[in-house]
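Chemist: got a predicted structure here, sequence first:
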Amino acid sequence: MSATAENREPIRLPSKVVAEGLDFPEGPVAMSDGSILVVEVLGPRLTRVFPDGGRETVASWPRATTAGPNGVAIGPDGGAYVCNNGGFAWYRRGEYWLPSAPGTGANQSPEYKTGSIDRVDLQSGEVEVLFTACDGHRLCGPNDLVFDAHGGIWFTDFGKKRPHDEDRNGVFYSALDGSISKRSIFSLIGPNGIGLSPDGETLYVSETPTGRLWAWDVISPGRVDHRSRRCLANTLSHFDSLAVEADGTVVVAAITEGLCLVRPTGEIEYVAAPEGEVGPLLTNVCWGGDLSVAYATDSGNGRLLAFEWPRAGLALNFNA
């Protein structure tokens, strides 16, 4: 059973701009020293943002038409693991850049070759391409990832869109030692955000074009019970990436709508985002500090935002 949003005013929480001037930031990760890692998809680079708004480049890729760091997570070895979407074709729309063509929504660069899962050494900044295929399937446009308690990676592959056709893809799982390489779920429409429930027994995936949030029961590392598939939310929003609260509430970045809260009870609410020059374009969210601050990327305005959150966020399995 799916839930739909009630017709009510969005929640407004105290928030501030931590940093601005970023090149289409996504994938925030809160670090133990108080800094926040973000990918700059248009950079393309991995950037550390300090509490005072200062920043430094941790790693970079050649150019945004052949590489696109899209999501990042800290692994059990302390390295930063990155979903590299293979690069976008970027288009100017007013005051900001978007990775999709007006009219068709095409996003594949003429120079595009492949997507990959990369590892960044946070000390040296060295970027290593780990793999470009999983379970015999070529990676088209990896988007977001989450580590389970076993140290394996669940990740989405959004695919690429061309003027007259697009990839259909899904969710993959890979153990870092190569013992498991599996396409776990196929096929989905624009799979984007991914996360796990507090007990690790439920996998959540958001679809961008449909505004849906799906859930599956996890059987074992890389395996879900396909009969358990259920739609937790069916909205008019366009969903991007997500984070999970300690009580199991799923918080999805709903792009122009702010942050969408899907509670375990099925109730849906929205948290409004502060306006920018081009309106909000929220894409990712994570928990920082004592897990009472929600850091969200406003990609169109190039901002990293911080919301005072009324409940505790869920701690990830690994951090640095």
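Modeler: Received it, and whenever you're ready, just let me know what you need. Numbering: from 1, shown residues only.

Chemist: distance of the nearest residue to residue 272 once chain neighbours are set aside from residue 18?
Modeler: Spatially, and ignoring its direct neighbours in sequence, residue 272 is nearest to residue 10 (4.0 Å; Cβ to Cβ, 6 or more residues apart in numbering). To be clear about C-beta, it is placed using only N, CA and C from the backbone, and glycine gets the same treatment. In this view, residue 10 and residue 18 are 21 Å apart by Cβ to Cβ, to the nearest Å.

Chemist: which of these two has more neighbours?
Modeler: Each of residue 10 and residue 18 has its neighbours counted (other Cβ atoms under 10 Å); residue 18 has more, 22 against 15.

Chemist: and the more buried one, how far from residue 247?
Modeler: As judged by Cβ to Cβ, residue 18 and residue 247 stand 25 Å apart.

Chemist: what of residue 282?
Modeler: Residue 282 is 21 Å from residue 247, by Cβ to Cβ.

Chemist: more neighbours: the two, which one.
Modeler: It is residue 282, of residue 282 and residue 247, that has more neighbours when counted by other Cβ under 10 Å, with 26 against 12.

Chemist: surely that one and residue 253 touch.
Modeler: Yes - at 4.3 Å, residue 282 counts as touching residue 253 under the criterion of Cβ atoms under 8 Å.

Chemist: need the overlap of contacts for these two.
Modeler: Common neighbours of residue 282 and residue 253, counting by Cβ atoms under 8 Å, 6 or more residues apart in numbering, are 240, 259, 296-297.

Chemist: so which two of the residues you listed are the farthest from each other?
Modeler: 259 and 297 (11.4 Å; Cβ to Cβ).

Chemist: how many residues are close by the residue lying closest to residue 56 once chain neighbours are set aside?
Modeler: Excluding the flanking residues, the one nearest residue 56 by Cβ to Cβ, 6+ apart is residue 48, at 5.2 Å. If you count neighbours by other Cβ under 10 Å, residue 48 ends up with 17.

Chemist: check which helix or strand covers residue 48.
Modeler: Here residue 48 sits within strand 45-49, counting by DSSP states H and E.

Chemist: what does that strand contact?
Modeler: Contacts for strand 45-49 (Cβ under 8 Å, 6+ apart): 18-19, 22-23, 25, 31, 35-40, 55-61, 69, 72, 80, 82, 120, 304.

Chemist: any of these buried? List them.
Modeler: 18-19, 22-23, 25, 31, 35-40, 55, 58-61, 69, 72, 80, 82, 120, 304 (16 or more other Cβ atoms under 10 Å).

Chemist: so how far is residue 106 from residue 238?
Modeler: 16 Å.

Chemist: overlap of the contact sets of residue 259 and residue 297?
Modeler: 253, 282, 285.
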